[in-house]
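Undergrad: Below is the sequence, then the predicted model.
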Amino acid sequence: MHVSNHDIKGPSEAVWPLVGLVPPTLLIEMPYGALLPAGMDGILVAGKAISATHDGLAAAIGPSSRRLDVAALQRRLGELPRPDAGRSMDAEELVEAVARNAPLSRYNDLDYRESHGIPFVEAVLRADTTESLRAAAGRRTGESRTVLAQALALRGDPLGIDIIVEKLNHVLDTGQLPRQSSAVRNAQLAPDHAAVPEAAHLLYTLAFARMHESVPVWERVVGLVKPSYDAMWDSEAGIFGYVGAIRAGAARLAAPAAVPLLRHLHAAGCLHGQHRAEFEPDIVRAASSSFCASVLSLVSTMWRPASRSAFSMPTARLA
């Protein structure tokens, strides 16, 4: 078991950070066999070789790393926290734990030395939680209902998708894109996903659901997005998150209705023409250039294979 500092540099493509789960510390189970190099004995492969650091990796294991006294090693390492607390709960208990730990940003507002289990992940991955999630979403309100809907949507359940679409339409009725309001102490500048507003994380959740009900919501968001280089740097505006969520959803759904939305976003000066032949130290400028161009190419070529415009932007990036 390894205690990992969850430090994402730049935009992520992993499911959990995109939907809003960006805890600074994670408990990760690591098989002991992963530390054993093939054909060698008495040595463990650790550190950067398996995406870890020096913390907690040193242990006296005796002359042979393959004939290990597990109990003795555990005593030597001391009593470590376990990441499997959710596995001892039945489905209803686990779903109630998900509802109590809402919103997902609650997991993010931790000190680097704090860690605990994440029932949300367990509830999404377990096969026996769907009915309990649906029942709880039907009787809960507010943030608890939203996080239960996210878990359902990630499993492709229509109820979760309907709840998220309803929530997004409600917040968009203000005529403005919601800004980041969660108190996440370790959030950095965009494109750090801890700096993304909850509404953008909900858009990412819809992206993974691959449902056409997302398109009208994207249209409303695109009508409100005002991308600029300064806005991309704004750690509360969350423009990077909104644009990225639409990009991710369009890539997965591949619907013709997404093409004009991507073209509209790509027309913004900060979302095209940012490629550099040399090293670009500005992570916002470097990342923003690929946000719309790649997906516009994907969707356009899928539905209009004869269109030359679909190839022009990625070709320019490679030149």
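TA: Done, it's in. Numbers count the residues shown, from 1 in each chain.

Undergrad: How about residue 181, nearest residue that isn't a chain neighbour?
TA: residue 197 (7.2 Å; CB to CB, 6 or more residues apart in numbering). C-beta here means a position set from N, CA and C on the backbone, and glycine is covered the same way.

Undergrad: So what's the model's average confidence on stretch 256-271?
TA: On average, the pLDDT along stretch 256-271 is 82.

Undergrad: buried set for that stretch?
TA: By neighbour count on 16 or more other CB atoms under 10 Å, the buried set for stretch 256-271 is 257, 258, 259, 261, 262, 265, 266, 268, 270, 271.

Undergrad: residues in contact with the residue nearest to residue 181?
TA: 177, 178, 179, 180, 181, 236, 238, 241, 242 (CB atoms under 8 Å, 6 or more residues apart in numbering).

Undergrad: For those residues, point out the one with the lowest pLDDT.
TA: Here the lowest pLDDT out of the contacts of residue 197 sits on residue 181, with 77.

Undergrad: okay, now residue 226: neighbour count?
TA: The number of residues packed around residue 226, counting by other CB atoms under 10 Å, is 9.

Undergrad: Return the residues in contact with it.
TA: So residue 226 contacts residue 239 (CB under 8 Å, 6+ apart).

Undergrad: Surely it is within a helix?
TA: No - note on residue 226: no helix contains this position according to DSSP: H, G, I helix; E, B strand; the rest coil, which reports coil.

Undergrad: pLDDT at it, what is it?
TA: 85.

Undergrad: Which pLDDT value belongs to the closest residue to residue 238 other than its chain neighbours?
TA: Setting aside the residues directly before and after it, residue 238 is nearest to residue 197 in space (CB to CB, 6+ apart), at 4.0 Å. At residue 197, the pLDDT value in this model is 88.

Undergrad: what do you get for residue 219?
TA: 95.

Undergrad: That one contacts residue 260, doesn't it?
TA: No - assessed by CB atoms under 8 Å, residue 219 is found out of contact with residue 260, at 9.1 Å.

Undergrad: Below-threshold pLDDT in the stretch 51-200 of the chain: ranges please.
TA: 51-66, 73-74, 76-88, 111-116, 183-191 (pLDDT under 70).

Undergrad: Kindly recompute the last result at 90.
TA: 51-90, 101-119, 121-122, 125-127, 156, 179-197 (pLDDT under 90).

Undergrad: now the helices: where do they sit in it?
TA: 70-77, 91-100, 105-108, 119-125, 130-139, 142-154, 158-172, 198-209 (DSSP state H, counting those that start in this stretch).

Undergrad: JSON lines please, covering these and showing distance to residue 223 and mean neighbour count.
TA: Formatted as JSON lines, those follow (distance: least, CB to CB, whole Å; neighbours: other CB atoms under 10 Å):
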{"stretch": "helix 70-77", "distance to residue 223": "55", "mean neighbour count": "11"}
{"stretch": "helix 91-100", "distance to residue 223": "33", "mean neighbour count": "19"}
{"stretch": "helix 105-108", "distance to residue 223": "26", "mean neighbour count": "22"}
{"stretch": "helix 119-125", "distance to residue 223": "31", "mean neighbour count": "22"}
{"stretch": "helix 130-139", "distance to residue 223": "29", "mean neighbour count": "17"}
{"stretch": "helix 142-154", "distance to residue 223": "23", "mean neighbour count": "23"}
{"stretch": "helix 158-172", "distance to residue 223": "9", "mean neighbour count": "17"}
{"stretch": "helix 198-209", "distance to residue 223": "14", "mean neighbour count": "25"}
